[in-house]
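Asker: Return a 3D structure for these sequence lines:
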Amino acid sequence: MLVKTSLQHQLTARPWWMQLLFAFSIFMTFVYLPWDVLIKPLEEDQEVWFGLLFTGWFAKLGGLLHWLVYGAATFGYLKMKSWMYPWSVIYLLQIALGMLVWSLTGERGGGMAGSFFIASLFLLIAYLSWRERGRFGG
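Answerer: Residues are numbered from 1 along each chain as shown. Okay, the predicted model is just below:
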């Protein structure tokens, strides 16, 4: 019964779009980033921070930082911690800014229209996260 109550709480603790952010954080923390940091060959490694592409050892260091960020996000969303509210909004805004910088500096950018669209999505999610700040506080 305790497991059912806990699972029911987790499924209702946040809106559907925040559930997707939580699920993505879980995936990044326990599946992608362990592979990226520990197994992916150094010569293939790439990380993007603030729209700038890093390769090699800088990418591995960036991967470690991403692992910490997504691990913290997983814990923060799981427990709906009060510190998660400002940091999730800031990180989402950073992604939106990074998409715009990537479109201007990256050769693989999806063009200005595509980058503005994706940046707009992250701005919307950041706004929604800001509006839901009252949910955080566990």
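
Asker: quick one: Thr55 and Leu124, what's the gap?
Answerer: Applying Cβ to Cβ, to the nearest Å, the value for Thr55 to Leu124 is 31 Å. The C-beta positions use only the backbone N, C-alpha and C, and glycine is treated the same way.

Asker: Now stretch 30-44: buried residues?
Answerer: The neighbour-count check on stretch 30-44 (16 or more other Cβ atoms under 10 Å) flags Tyr32, Leu33, Asp36, Val37, Lys40 as buried.

Asker: end-to-end on that stretch?
Answerer: Stretch 30-44 has an end-to-end distance of 20 Å (Cα to Cα, to the nearest Å).

Asker: quick one: contacts of it?
Answerer: Asp45, Gly56, Trp57, Lys60, Gly63, Leu64, His66, Trp67, Tyr70, Thr74 (Cβ atoms under 8 Å, 6 or more residues apart in numbering).

Asker: Can you tell me, leaving aside adjacent residues, what's nearest to the second one?
Answerer: Spatial nearest neighbour of Gly56, excluding adjacent residues (Cβ to Cβ, 6 or more residues apart in numbering): Leu42 at 6.0 Å.

Asker: Need the pLDDT of that neighbour.
Answerer: Predicted confidence (pLDDT) at Leu42: the value is 95.

Asker: Point to the helix or strand of the chain where mean pLDDT is at its lowest.
Answerer: helix 2-12 (a mean of 75; mean pLDDT, DSSP states H and E).
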